[in-house]
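S.K.: need the 3D shape of this:
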Amino acid sequence: MPAWVDLEGAVNVRDLGGLPLEGGGVTASGVLIRADNLQDLTPSDVVTLVDELGVRVVVDLRSHIEVDTEGPGPLTGRVDVHHRSLYPEKGSFSDVMISRADGENPFVRYYLGYLRDRPDSFVGAMRDIASGPGPVVVHCAAGKDRTGMVVALTLAAVGVEREAIIADYALTGERITAIMDRLRSSDLYRPDLEGITDESRMPRAEYLERVLEVIDAEHGGAASWLAAHGFDPAPLYKRLVSAA
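M.R.: Numbering: from 1, shown residues only. Below is the predicted model of the structure:
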């Protein structure tokens, strides 16, 4: 089970080491960390991430509007921050508001939309993770939807067991109240969350199960999808698995 990283200014942070692989073995610890918004990190949090854990690269999946409005965060200048928005940079600026849609579940449609709209950001994030150095932190606002998709694709591409990928996604549910409290405290996200319950934002296993089913059926799996977009998963595997 991934290890929670307890910080004062972020509530959904965990190291993705120790996940079981198809055929045996586990993912390496100290390589990939997922997180929610890093804007409120305290000086002590920065010491934990940079000096103690050795983080040198952050993949920020927030949109440019989110970054411009809230600022780049206290890790700027201490680590390399790569902005990899999963939006086409027009229209909606964040994923805190999920609209209704016919057909697939709205969350499933959003997740598949990330793949459709920004394959370049997925590939860029994979390259960031594969090249390191040190632990790489991937985050968005809640650390649930955009982060969940990048992490799920990464784990699937290196052969993590499907059940473990989905379990990690659902694990964010343990922190959903704290996540929603953080978002509601932000002038940027609060208006879109009026009348929205914590329960409605739970990461449900069936959402990611369906997304991965579609990727398998239409693209032959995560590794094939990445290869079709110009990324060889081999360096990612070497970094996240061979280092274990």
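S.K.: what about residue 29, neighbour count?
M.R.: By the criterion of other Cβ atoms under 10 Å, residue 29 has 17 neighbours. The way it works is simple: take the backbone N, C-alpha and C, and place the C-beta from them, glycine included.
S.K.: if I pick the residue nearest to it when sequence neighbours are not counted, what's in contact with it?
M.R.: Of all residues not flanking residue 29 in the chain, residue 17 sits nearest, at 2.7 Å (Cβ to Cβ, 6 or more residues apart in numbering). Shown in contact with residue 17 (Cβ atoms under 8 Å, 6 or more residues apart in numbering): 2-3, 26-32, 244.
S.K.: hey, where'd the helices end up in this protein?
M.R.: All helices of the chain, identified by DSSP state H, fall at 43-46, 64-70, 106-117, 119-131, 146-157, 162-171, 176-184, 205-219, 222-228, 234-237.
S.K.: would you put the C-alpha positions of the second one in CSV?
M.R.: Once non-C-alpha atoms are left out, helix 64-70 reads as follows in CSV (Å, rounded to 0.1, in the frame of the first residue of the first chain):
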residue,chain,number,x,y,z
HIS,A,64,-2.3,28.2,-16.7
ILE,A,65,-5.2,30.1,-15.2
GLU,A,66,-4.9,28.2,-11.9
VAL,A,67,-1.1,28.8,-11.8
ASP,A,68,-1.5,32.5,-12.7
THR,A,69,-4.3,33.0,-10.1
GLU,A,70,-2.8,31.1,-7.2
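S.K.: show me what the closest residue to residue 4 other than its chain neighbours is bridged to.
M.R.: Nearest non-adjacent residue to residue 4, counting by Cβ to Cβ, 6+ apart: residue 14, 5.0 Å away. For residue 14, the beta-bridge partners under DSSP bridges are residue 4, residue 34.
S.K.: could you check how far the residue positioned nearest the centre of the chain is from residue 242?
M.R.: With distances taken as Cα atoms, centre = their mean, residue 147 lies nearest the centre of the chain, 1.5 Å away. Taking Cβ to Cβ, to the nearest Å as the measure, residue 147 falls 24 Å from residue 242.
S.K.: ok, residue 226 next?
M.R.: 18 Å.
S.K.: so the two - more neighbours on which side?
M.R.: Taking neighbours as other Cβ under 10 Å, residue 226 and residue 242 compare with residue 226 leading, 22 against 12.
S.K.: I'm done for today, thanks for sticking with me.
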